[in-house]
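A.B. asks: Need coordinates for the below:
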Amino acid sequence: MGSYLVRVKVMPSGPEVPSDKLLESVRGVLGKEMTIRGSKEDPIAFGLYALIIDIIAPEEEGMVDKVEAAVATAPLVTQSDLMGVSRMSSTLKV
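C.D. replies: Next up is the predicted model:
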């Protein structure tokens, strides 16, 4: 069975939240079958940023919905948007 690479854009609850704390908040709500592959900050304005997170999850029915739901429930997340989904055998452009 393959894996999905799910890219989500996450907004913190405020500009005072460090990106590493936001990432740990998301990591804490992911299921044991999901792992974070990487992340990067995307500056917006006035110290506010979005965090783009790549999450690896097994290729199963409804798994992308599970990833989205888990990320949306993270304590320091105010908004999350699905940016893209790709199979691990293909490449998702940055």
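A.B. asks: tell me which element residue 68 falls in.
C.D. replies: helix 63-72 (DSSP states H and E).
A.B. asks: try residue 6
C.D. replies: Assigned by DSSP H and E, residue 6 falls in strand 3-12.
A.B. asks: what helices or strands is that strand leaning on?
C.D. replies: Packing partners of strand 3-12 (3 or more C-beta pairs under 8 Å, 6 or more residues apart in numbering; DSSP states H and E): helix 19-29, strand 48-58, helix 63-72, strand 77-87. C-beta: built from backbone N, CA, C; applies to glycine.
A.B. asks: could you give me the average pLDDT of the shortest one?
C.D. replies: The one in question is helix 63-72. Taken as a whole, helix 63-72 has an average pLDDT of 95.
A.B. asks: Could you list the alpha-carbon positions for that helix in CSV?
C.D. replies: C-alpha atoms of helix 63-72 as CSV (Å, rounded to 0.1, in the frame of the first residue of the first chain):
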residue,chain,number,x,y,z
MET,A,63,-7.6,9.3,5.1
VAL,A,64,-7.3,12.8,3.7
ASP,A,65,-10.5,13.8,5.5
LYS,A,66,-9.0,12.4,8.7
VAL,A,67,-5.8,14.4,8.3
GLU,A,68,-7.9,17.6,7.7
ALA,A,69,-10.1,17.0,10.7
ALA,A,70,-7.1,16.3,13.0
VAL,A,71,-5.2,19.4,11.9
ALA,A,72,-8.4,21.6,12.4
